[in-house]
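Student: sequence first, predicted coordinates after that:
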Amino acid sequence: MAFFLNERISLQHEYEFDNRGTNDAHFLGRERGTVPGWVGYLQHSSLNYMYRNGHLSLGRGNPFFYNLNESLLINPNFPPAEYVWGEHDIKWFQFDWGVLFLGEQAHNHRFMTFHRYSIEKEKWRIGFTETVLGYYEIWNSKVLGYIMPANFMLETEVNKGIKDGTNLMWLIDGMYKFDRWTIYSEFLIDDYAIDGKSPPQIAGIIGLGKNFNNILLNIEYTRINRWVGNHCNTFNIWIEEEVPIGHQLGPDAHKFQLDSYIIINYNF
């Protein structure tokens, strides 16, 4: 449910009720004895400020990345987390910045932060995202250095970052429309050894769709190399509460997907 406090400020809350909810990774509380097997919890809760050139959102939820199906970087199905997410548009240029505070592991606090730069025109789009997953025991300036909106995370990692390192990823995404056709792609770089002594930890998606009047047909191929999202430090593995943060397909896998969306009418 959503409550609009005025034209620009809104509150949004989403509740979820599950049978056998203790088996749901999204549920992190305790099952009550009043109605055995059933749990209810807040899946999303946010305060949102919308303005002419963007928005700012604070709350608990999952600000996932999106293409016509599922992104390689952040999927919509991992457990909700406290977050801050801002977006600002200047004509054809768009800037996103966000921080997600993930669950605690062995008294270490995990966080994820990203910024995305994109150019968007009427018929095409290209974007670059740099994101880091790391952890800390005590909040300090080294952690703060990663989450500042104007930083460059690779430089932070090399020169003043967390001692045991973080898991840094780059994502390049693009889309092009011509007539009734749409082609889109994502390319994820987790790790790439220039010396060739280890296999590249990369992943990619390419999709093609066409609109046939009231039917949208979409074909997509996904390839994720071995060890993508893995890390020598278990705190930095791309998993939250045993649920993948990136694409649910997981590493060392292929996927071919065919989707069909049918518009029954424009009101339904």
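Tutor: Good, I have the coordinates. Numbering: from 1, shown residues only.
Student: residues contacting the nearest residue in space to Asn67 that is not next to it in sequence?
Tutor: Spatial nearest neighbour of Asn67, chain neighbours left out: Tyr184 (5.6 Å); criterion: C-beta to C-beta, 6 or more residues apart in numbering. Quick note: C-beta positions are derived from backbone N, CA and C, even for glycine. With contacts taken as C-beta atoms under 8 Å, 6 or more residues apart in numbering, Tyr184 has the following neighbours: Asn67, Leu68, Asp173, Gly174, Met175, Tyr176, Ile205, Ile206, Gly207, Gly209.
Student: in three-state terms, label the last one for me.
Tutor: Just to be clear, that refers to Gly209. Of the three states, Gly209 takes strand under DSSP: H, G, I helix; E, B strand; the rest coil.
Student: what does the first one give?
Tutor: When the structure is reduced to helix, strand and coil (three-state DSSP), Asn67 reads as coil.
Student: per-residue pLDDT, it?
Tutor: Confidence per residue is given as pLDDT, and for Asn67 that number is 78.
Student: and what of the third one?
Tutor: Each residue has a pLDDT score; the one for Asp173 is 96.
Student: from Gly229, how far off is it?
Tutor: When C-beta to C-beta, to the nearest Å is applied, the distance between Asp173 and Gly229 equals 17 Å.
Student: what do you get for the first one?
Tutor: Look at Asn67 and Gly229: by C-beta to C-beta, they are 18 Å apart.
Student: more crowded one of those two?
Tutor: Legend: neighbour count by other C-beta atoms under 10 Å for Asn67 and Gly229, higher for Gly229 (23 against 16).
Student: check the gap between that one and Arg223 for me.
Tutor: Between Gly229 and Arg223 the distance, using C-beta to C-beta, works out to 14 Å.
Student: tally of neighbours for Glu241?
Tutor: Using other C-beta under 10 Å, the number of residues around Glu241 comes to 16.
Student: for Arg180, same thing?
Tutor: Using other C-beta under 10 Å as the criterion, Arg180 is surrounded by 11 other residues.
Student: what of the one 3 residues further on?
Tutor: Other residues near Ile183 number 15, with proximity taken as other C-beta under 10 Å.
Student: neighbouring strands of the helix or strand hosting it in the sheet, and parallel or not?
Tutor: In this structure, Ile183 sits in strand 181-191 according to DSSP states H and E. Here the strand partners of strand 181-191, with direction, are listed using DSSP bridges: strand 167-178 (antiparallel), strand 201-212 (antiparallel).
Student: still on that earlier bit, bridging residues for the residue nearest to Asn67?
Tutor: Here Tyr184 sits in beta bridges with Met175, Gly207, as judged by DSSP bridges.
Student: separation between it and Glu120?
Tutor: Tyr184 sits 13 Å away from Glu120, taking C-beta to C-beta as the criterion.
Student: roughly how far apart are Tyr192 and Ser198?
Tutor: Applying C-beta to C-beta, the value for Tyr192 to Ser198 is 9 Å.
Student: may I see the buried residues of stretch 107-123?
Tutor: Within stretch 107-123, the residues that qualify as buried by neighbour count (16 or more other C-beta atoms under 10 Å) are His109, Arg110, Phe111, Met112, Thr113, Phe114, His115, Arg116, Ser118.
Student: output that stretch as PDB, restricted to C-alpha atoms.
Tutor: What follows is stretch 107-123, C-alpha atoms only, in PDB (Å, rounded to 0.1, in the frame of the first residue of the first chain):
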ATOM      1  CA  HIS A 107      29.700 -10.400  14.000                       C
ATOM      2  CA  ASN A 108      30.800  -8.800  10.700                       C
ATOM      3  CA  HIS A 109      28.500  -6.300   9.000                       C
ATOM      4  CA  ARG A 110      28.100  -6.600   5.300                       C
ATOM      5  CA  PHE A 111      27.300  -3.800   2.800                       C
ATOM      6  CA  MET A 112      26.900  -3.300  -0.900                       C
ATOM      7  CA  THR A 113      27.200   0.000  -2.700                       C
ATOM      8  CA  PHE A 114      27.000   1.000  -6.300                       C
ATOM      9  CA  HIS A 115      26.900   3.900  -8.700                       C
ATOM     10  CA  ARG A 116      25.700   3.800 -12.300                       C
ATOM     11  CA  TYR A 117      26.300   6.200 -15.100                       C
ATOM     12  CA  SER A 118      24.100   6.000 -18.200                       C
ATOM     13  CA  ILE A 119      23.300   7.800 -21.400                       C
ATOM     14  CA  GLU A 120      19.700   7.400 -22.500                       C
ATOM     15  CA  LYS A 121      18.300   8.500 -25.800                       C
ATOM     16  CA  GLU A 122      14.900   7.800 -27.400                       C
ATOM     17  CA  LYS A 123      16.100   4.700 -29.200                       C
END
